[in-house]
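Participant: can you look at this prediction? I've put the sequence above it.
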Amino acid sequence: MAEEIELKLAAPAEVLAAVRKHPAVAAVARGRPRTTHLTTTYYDTPRRDLAAAGVALRLRHADGRWLQTVKGAGSVAAGLHRRSEYEWPLEAPRLDRTKLARTPWRKLFAAGAAYRRIFATDIERSEQPLAFADGTRATLCLDVGEIRAGRRRMPLSEIEVELKTGDPSRLFELASTLAADLPVRIEHASKAARGYALAGGSPAGPRHARHVELAPEASAHSALQTLGRECLAQMEVNAAAMGSRDPEYLHQLRVGWRRLRALLKLAASLASPDVIAPLDEELNWLGSELGPARDYDVFALETLANVAAEFRGERGIARLRRRAAARRRRAATRAREAIASPRAQKLRIALGAWLASPRQSSEPMQVPSSVRDWARAFLERGHRRLRKRARHAHRLDPAERHRARVAAKRQRYAAEFFASLFSGKRVDAYLQALSRLQSALGRLNDLQVAARLIDEVAPREDSDAQTAHAGGVVRGWLAASSAAELKHLREVQRAFRRCPAFWNP
């Protein structure tokens, strides 16, 4: 068994020649490039049991040899794919089931199901050995070809930088230099994932935040890497589906974005500001580009829909909804363009480089003795800050309430990050009380945002009397809803204050 670590970048086929000749590649290239023709067939059961388990089984023909390979699901963050890999040479192009029994998925393979071809890839690969100044060694692979599933075809043109030994952050440094000069972008999906999609596999749907198990003996830096990869993966999977009409992709992208920003607050205790500040600044920019689209999703699809259901006879509401829909489309376009922009690609590479080597700092930092001590200190600070800001939250003005909402979100994400390090019913009770507080503050924020957006969609001085009247109806509905939510906020805030902190003995 080996761990495969490789950075994937997508690029048009005509750009690959420029990659090969790029000064950054030439500076670390060692030896002559080698070209190989690869034909690879991927197998699964008729019910796609392997895909469901995150396992890929393939048979590859290269240089007159046959290779059988099994890969685990692993992890992906900023295009850096980490997977366990088992590989065996074969004498004939037939799957050898006896070898499959030697993998961690022996029970899955022991089910005895018949395996059939799902899709295949046909690729011309150019390989160039790389040697970096610090001793890191890698292989640059330029792949051009296609994925085939029945009669369906998908062109394939990508760059893989496979780490042989050394520091994975060198791969990101190379990618950053290439991205500054060439139209390359981070590729989150593996060939197997794209093949299954082409073969008609059911779409995975929006990627929600996943629970992460942290080992109590893990270092703070190791925990930071694990959590960061999960946050970034949530962002990237949902970003790739931004063309979908389902607004949940954007919502979950922004959840991943917020969780990553919360993690940067954690990282500030482990790294100097000159490392964290540029990442936070760029994430702040990305949030400003995505925010309006999410605001109009909630306003158009939830707020105005609820008002329309309650005031069915108000014809001006339909006009408001058409105006809101037009603004929503423009905001969605802005968000998609931001995600696809070179600036966003550079941000993803920078985040990947930081997660590959989170210890980087221009000055020595005090590192906690254990991840549990680190968690306790951060959770306690966040808890105190939230209790202070949320105290009498129902009486606060919108700006102060917004600060309380931000504090609640950060505390919730931190509590979720570290929940696996503590046990007992107090963890669930605290998370439940905190979630209710955050939700109540969030609903009030949505109503506050809606009050701002109704002024954009239907200005108070609107010349159309019907539209102006409908705007007044919406403003009245928002005021009544806010009053009810403020009463509920008072209740959940009191419940939260009674809830004990689970990280204290």
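Facilitator: Received, thanks. Residues are numbered from 1 along each chain as shown.
Participant: pull up the pairing partners for the least confident helix or strand in the chain by mean pLDDT, direction included.
Facilitator: Of all helical and strand segments in the chain, the minimum by mean pLDDT, DSSP states H and E falls on strand 75-77, at a mean of 85. Each strand that pairs with strand 75-77, with its direction, by DSSP bridges: strand 80-90 (antiparallel).
Participant: output the contacting helices and strands for the longest strand seen in the chain.
Facilitator: Counting by DSSP state E, the longest strand found in the chain is strand 116-131. For strand 116-131, the elements it packs on are helix 16-21, helix 23-28, strand 34-44, strand 137-149, strand 152-165, helix 191-198, judged by 3 or more Cβ pairs under 8 Å, 6 or more residues apart in numbering; DSSP states H and E. For the C-beta atoms, the positions are set from N, CA and C on the backbone; glycine is no exception.
Participant: and it, which residues are buried?
Facilitator: In terms of neighbour count (16 or more other Cβ atoms under 10 Å), strand 116-131 has its buried residues at 118, 119, 120, 121, 123, 125, 126, 127, 128, 129, 130.
Participant: doesn't residue 40 make contact with the second one?
Facilitator: No - the pair residue 119 / residue 40 is not scored as a contact, 9.3 Å apart, by Cβ atoms under 8 Å.
Participant: ok, residue 467 - contacts?
Facilitator: The contact partners of residue 467, by Cβ atoms under 8 Å, 6 or more residues apart in numbering, come to 316, 319, 320, 458.
Participant: was I right to think the second one contacts residue 470?
Facilitator: Yes - look at residue 319 against residue 470 with Cβ under 8 Å: they come within range, at 6.8 Å.
Participant: these two: which has the busier surroundings?
Facilitator: Relative neighbour count places residue 470 above the other of residue 319 and residue 470, with 27 against 17, counting by other Cβ atoms under 10 Å.
Participant: low-confidence stretches in the stretch 301-450 of the chain?
Facilitator: Along the stretch 301-450 of the chain, the parts satisfying pLDDT under 70 run over 358-369.
Participant: quick one: end-to-end distance for stretch 51-65.
Facilitator: End-to-end distance for stretch 51-65, by Cα to Cα, to the nearest Å: 26 Å.
Participant: helix or strand for residue 502, which one?
Facilitator: Under the criterion DSSP states H and E, no helix or strand holds residue 502.
Participant: does residue 114 touch residue 44 like I think?
Facilitator: No - here residue 114 does not reach residue 44: they are 10.3 Å apart, not a contact under Cβ under 8 Å.
Participant: quick check: domain ranges of the protein?
Facilitator: 2-202, 248-498 (automatic domain parsing).
Participant: looking at the ones you listed, which is nearest to residue 242?
Facilitator: domain 248-498 (5.0 Å; Cβ to Cβ).
Participant: just checking, residue 267 touches residue 277?
Facilitator: No - counting by Cβ under 8 Å, residue 267 does not reach residue 277; the two are 11.1 Å apart.
Participant: compare these two (neighbour count), which wins?
Facilitator: Higher neighbour count among residue 267 and residue 277: residue 267, with 21 against 13, using other Cβ under 10 Å.
Participant: how close does the more buried one sit to residue 281?
Facilitator: 14 Å (Cβ to Cβ, to the nearest Å).
Participant: residue 229 and residue 381: what is the separation?
Facilitator: Residue 229 is 24 Å from residue 381, by Cβ to Cβ.
Participant: that should have said residue 328, apologies.
Facilitator: Distance from residue 328 to residue 381, by Cβ to Cβ: 38 Å.
Participant: which of these two has more residues huddled nearby?
Facilitator: Applying other Cβ under 10 Å to residue 328 and residue 381 shows that residue 328 carries more neighbours, namely 22 against 14.
Participant: wait, a helix at the more buried one?
Facilitator: Yes - using DSSP: H, G, I helix; E, B strand; the rest coil, the secondary structure at residue 328 is a helix.
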